[in-house]
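Peer 1: return atomic coordinates for the entry below.
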Amino acid sequence: MSSLSATPAYQALQAHYDVTKSILMKDQFAADPDRFNKLSLKFEDILFDYSKNRISEETMDLLYNLAEQQDVLGLAKKNVFWRKDQRNRRSCSSSRRFAQPIQYSNYG
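Peer 2: Residues are numbered from 1 along each chain as shown. Presented below is the predicted three-dimensional model:
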């Protein structure tokens, strides 16, 4: 498996950082009055406000590309199904009364 920092998506993100690292937050808000609406989202009662971070729409696109390249969604689904399978084995087997505890730190 190759190093994350050697991947094209990571290198694109690093190049973007090198270009944008000196931009001030106040300048980002001044340049885009709609920044809060573009870079925040609400899920139920939780507000995720990315607008107050050194981030832009381009940064978000680059982060999504990196996540896609690294198959973050696939790995998350695999982990959820793995844990569910382990729970089902423990709860459905009457002969395994003293089942070993699930090691959640072992995602492999």
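Peer 1: what about this structure, any weak spots by pLDDT?
Peer 2: Across the chain, the ranges flagged by pLDDT under 70 are 1-2, 81-108.
Peer 1: so which residues of it form helices?
Peer 2: Ranges of helices in the chain, per DSSP state H, are 8-20, 25-31, 35-38, 57-69, 72-92.
Peer 1: Asp49: which of the ones you listed is closest?
Peer 2: helix 35-38 (7.0 Å; C-beta to C-beta). C-beta coordinates here come from the backbone N, C-alpha and C atoms, glycine included.
Peer 1: and for the closest one, what's in contact with it?
Peer 2: Applying C-beta atoms under 8 Å, 6 or more residues apart in numbering, the external contacts of helix 35-38 come out as 28-29, 32, 49, 51, 57.
Peer 1: closest to Gln11 among those?
Peer 2: Glu57 (19.6 Å).
Peer 1: residues near the closest one, how many?
Peer 2: For Glu57, the neighbour count with other C-beta atoms under 10 Å is 11.
Peer 1: quick check: it vs Tyr64, distance?
Peer 2: 11 Å (C-beta to C-beta, to the nearest Å).
Peer 1: next one: Met25
Peer 2: Applying C-beta to C-beta, the value for Met25 to Tyr64 is 22 Å.
Peer 1: if we can go back for a sec, now the contacts of helix 35-38 in JSON lines, with distance to Ala12?
Peer 2: Conversion of the contacts of helix 35-38 to JSON lines gives the following (distance: C-beta to C-beta, whole Å):
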{"residue": "Gln28", "distance to Ala12": "20"}
{"residue": "Phe29", "distance to Ala12": "25"}
{"residue": "Asp32", "distance to Ala12": "22"}
{"residue": "Asp49", "distance to Ala12": "25"}
{"residue": "Ser51", "distance to Ala12": "22"}
{"residue": "Glu57", "distance to Ala12": "15"}
